[in-house]
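**Student:** everything below, folded, please.
(chains A and B)
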Amino acid sequence: MQTKPNTIYRALDRKAAALTEFTMRQYRTKVSTWVVLGVGLVAISLVMLIYIDVMATGFESVDNDGDSFDYDNDGYPNGQELKLGTDPYMADSNPGLLDPPVEPEPASNYIDEDGFDITLEGTSNLQSTGFDDDGDCYNYDGTSSRKDANNNNIECDVLLVQNRYTGEWEVVYDLNVDEDPDDAAYAAEATHMAFVLGIGKMGFVLLLGLFLPLFLATGLIRDEMSAGTMHFMLAKPIARTEVFLYRILGYLGIVWPYFIVLGVIFATISGFMGPSEGLFRFQDLGVWLAIVFATMMASFVYGMLFCTMGVMWRYGIVLAIPFAAWELGMCLVSMGAPDAAILRFSVIGWALMIVDSAAVMVWPNMDMFLLQGTTFGDGSTFGDDFSIIESSADALDFFYSKPGTGSSGLASSVIATVVLLIQGAFLWFIGGAIFKGKEIE
Amino acid sequence: MMPDFDQDGKGQTKQWQPDLTAPAVLLEGVSKSYGRIFALSNITMALNGGVTGVLGMNGAGKSTMFKLLMGKLKPSQGKIRLFGTDPWKNPAPYARVGFVPEHEKMYDWMTAHQFVSTFARLNGLTRAEAGIEADRVLNFVGLADVAHKKLGQYSKGMRQRAKIAHALVNDPDLIILDEPLQGCDPLARTTIMNVIRELGRMGRTVLVSSHILQEIERITEQIIILHNGRLLALGNLHAIREKLDQIPHRITIETDDAKALAKDVIDMDEVQGISFPDQKNLTIQTHNLGAIHAQLPKVIVDHAHKVHSIDNPDDDLASILGYLTNGGGV
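**Tutor:** Numbering: from 1, shown residues only, chains lettered A, B, ... in the order given. Okay, here's the model as predicted:
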């Protein structure tokens, strides 16, 4: 066996390994640890079950523009008559009377027949896009002003207008353009992404990242002090700041693998259940990676904080609960106003920025996708105000935010990670200093 | 420098260099107060080598003094040094110190071997070295056979011995034991006393506290007496006892006829006074307990007295403290 040089660093390693291992074993022997981890698992698994049920049931496509109906009962759906130029409201004007006669198409051909064709090209803040797939705009027998409702001198298009002050895009449609998109596909895509972001932010980062440390880290030092067993640790040549750090490492040794395993399970299930051209939806893995990483970072900072609170006061959890409420509020603020300055004074604001950054990088066309859904005026079922496109887009819009720094996705994730590391290190410094000055009875 | 994940390098326990001229324990004018209440008041002493018994009633300041020495408490006044280093500011001296706390709570889910070896690693020992050292000290305290049993299944005496083993694993020069005999059965007491005496013979500085005089007497002659946070006496137990002999001691005898027995002992030279708490009890006052105890059996047998018990009410700590503080029995 090769003998390694005997340095002070080697001794520190040994102490770190010993105390970290000890802390992990101590956690494993406590029933409370398994209860907390179990409750966390059950809570987010319930959300997962709802997602599985929704995705397995699927979404029903509807005829948004009503052209699958045959109003004049001549056997031809309105859409076919509009496309071929016959009058859909008069039975004696139908494609069967054309020369040569045209056979009626099934009504289902006129459901989801005019999908979104919105693409953003170049940097112009006024762009013409969209295409009338089913011809019900081009063949509309009416005034040309109705074919060019957006007044850009181009008939049957969609106009994208960017607000020069806010940078947000607005959509102005011509009549009957992109008015019957594939509801089921859009809703499945939007619901899936909303679920990934929702469970990631609310389930992983907030619920697990915040509440696990609240119950597991607050007593890391405090419980040893009140039980008197801290005397065993502090009777050794080891600084109290080291004890603080190595106890935290032991706590992370329990919760981090838990997050990783849960992340792998959830990513796998949503990868198979999510809409995909292949068997597995690989493109979301980057977001899942960010979700797990953000949860790990949040649990690191919260662990330091709650452990410090436990050292400060025997009933440290009383201090921790108002803080947890503050973080819950900041989590909600981050959904609606990710660039709000107040988020800089939270932990969760930075952790969620890591998820947002990954979402921006992994789903680069999200702006247009959301624009289609949230501004699709004719998206409701014909004769019904409810639109699964709008509702799923609203859900996605709630959970999706752009990183509040205004920087690119990569830069934002790096900034957020560095800030969280600094927060953790600062809290270690504070917690260690308080612990160092604490008298132990 | 990569972390030493293999943990196969040679360990180290004593990298910190102590002041070789300094005593193991030094307290200079040390006080510890909580508001207006003094738990320890102006203690000055230096200890180096041998076993020292720290005697005092509950609340006398024994544990406070040990916690000050172990850097758990900060002195309100005065200077504390372990091998020349302030333990509140620097934990390095603990590389040469073993501490047995009085708290009963332990990690019941660990085996004694795991408990000792895990905390041995906090001295900088490798995993392998810690295992070997744990075997050694568990054998030393007589727990080798049950080393792999969980602490939760241990009796009180076995738990105390496991705590002592944990304190000895770094081969310390100073061992501090806070009430190590409390709650132990007679066998465990004997074993622990033997261990402490052996450590003293090995040249270690041992500080052991108790509130029972007889326990300390069996371990050492060097004692410190604390009372209400003050250092009442420091020195050889026999010297203190001799000093105490200048003050009358009492012997209480329970017999069927106290007055008849009184007639037979009144002529003994060492008897200075006799009193009758009640008809069946006789109290003798003397400066020489040993002489009275030597003659008493013959007198009882020769005159066929029926004696139920003989008691020395002044031979406990409370009485000694009473004499030292007030000049009379407590």
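**Student:** how is chain B partitioned into domains?
**Tutor:** B:13-241, B:247-326 (automatic domain parsing).
**Student:** just those: most buried one?
**Tutor:** Greatest average neighbour count among these goes to domain B:13-241 (a mean of 20), per mean count of other CB atoms under 10 Å in any protein chain shown. Yep, even glycine has a C-beta here, placed from its N, CA and C like the rest.
**Student:** that one and chain A, any residue contact?
**Tutor:** Yes: using CB under 8 Å from any CB of the partner chain, domain B:13-241 reaches chain A at B:13, B:15-16, B:67, B:70-74, B:91-95, B:97-99, B:101, B:103-107, B:109-110, B:118-119, B:121-127, B:130, B:166-167, B:170.
**Student:** tell me, how many residues neighbour A:Gly274?
**Tutor:** 20 (other CB atoms under 10 Å in any protein chain shown).
**Student:** could I get the pLDDT score of it?
**Tutor:** Per-residue confidence at A:Gly274 stands at 89 (pLDDT).
**Student:** do the same with A:Thr3
**Tutor:** 50.
**Student:** over to B:Leu317?
**Tutor:** So B:Leu317 comes in at 68 (pLDDT).
**Student:** how close does the closest residue to chain A within the stretch 201-330 of chain B sit to A:Glu439?
**Tutor:** Distance from chain A to each residue of the stretch 201-330 of chain B (CB to the nearest CB) is smallest for B:Leu207, at 13.3 Å. As judged by CB to CB, to the nearest Å, B:Leu207 and A:Glu439 stand 20 Å apart.
**Student:** ok, now A:Leu319?
**Tutor:** Taken as CB to CB, the span from A:Leu319 to A:Glu439 is 20 Å.
**Student:** on that earlier part again, return the subset of the residues of domain B:13-241 next to chain A lying in helices.
**Tutor:** Assigned to helices by DSSP state H, the following of the residues of domain B:13-241 next to chain A qualify: B:Lys67, B:Thr118, B:Phe119, B:Arg127, B:Ala130, B:His166, B:Ala167.
**Student:** how about the strands of chain B, start to end?
**Tutor:** Assigned by DSSP state E, chain B shows strands spanning B:25-34, B:37-47, B:50-55, B:77-82, B:97-100, B:174-177, B:205-210, B:222-227, B:230-236, B:249-255, B:271-278, B:281-286, B:307-311.
**Student:** figure out which of these is closest to A:Leu216.
**Tutor:** strand B:97-100 (28.6 Å; CB to CB).
**Student:** who touches B:Phe115 in this structure?
**Tutor:** Contacts here follow CB atoms under 8 Å, 6 or more residues apart in numbering or on different chains; on that basis B:Phe115 touches B:Met106, B:Tyr107, B:Leu151, B:Ala162, B:His166.
**Student:** against A:Phe131, how distant is the residue of the stretch 201-350 of chain A found nearest chain B?
**Tutor:** Residue of the stretch 201-350 of chain A nearest chain B, by CB to the nearest CB: A:Gly228 (3.1 Å). Distance of A:Gly228 to A:Phe131, computed by CB to CB: 76 Å.
**Student:** ditto for A:Arg281
**Tutor:** For A:Arg281, the distance to A:Phe131 - CB to CB - is 27 Å.
**Student:** so A:Ala298 touches A:Val205, yeah?
**Tutor:** Yes: at 5.4 Å, A:Ala298 and A:Val205 qualify as touching, with contact defined as CB atoms under 8 Å.
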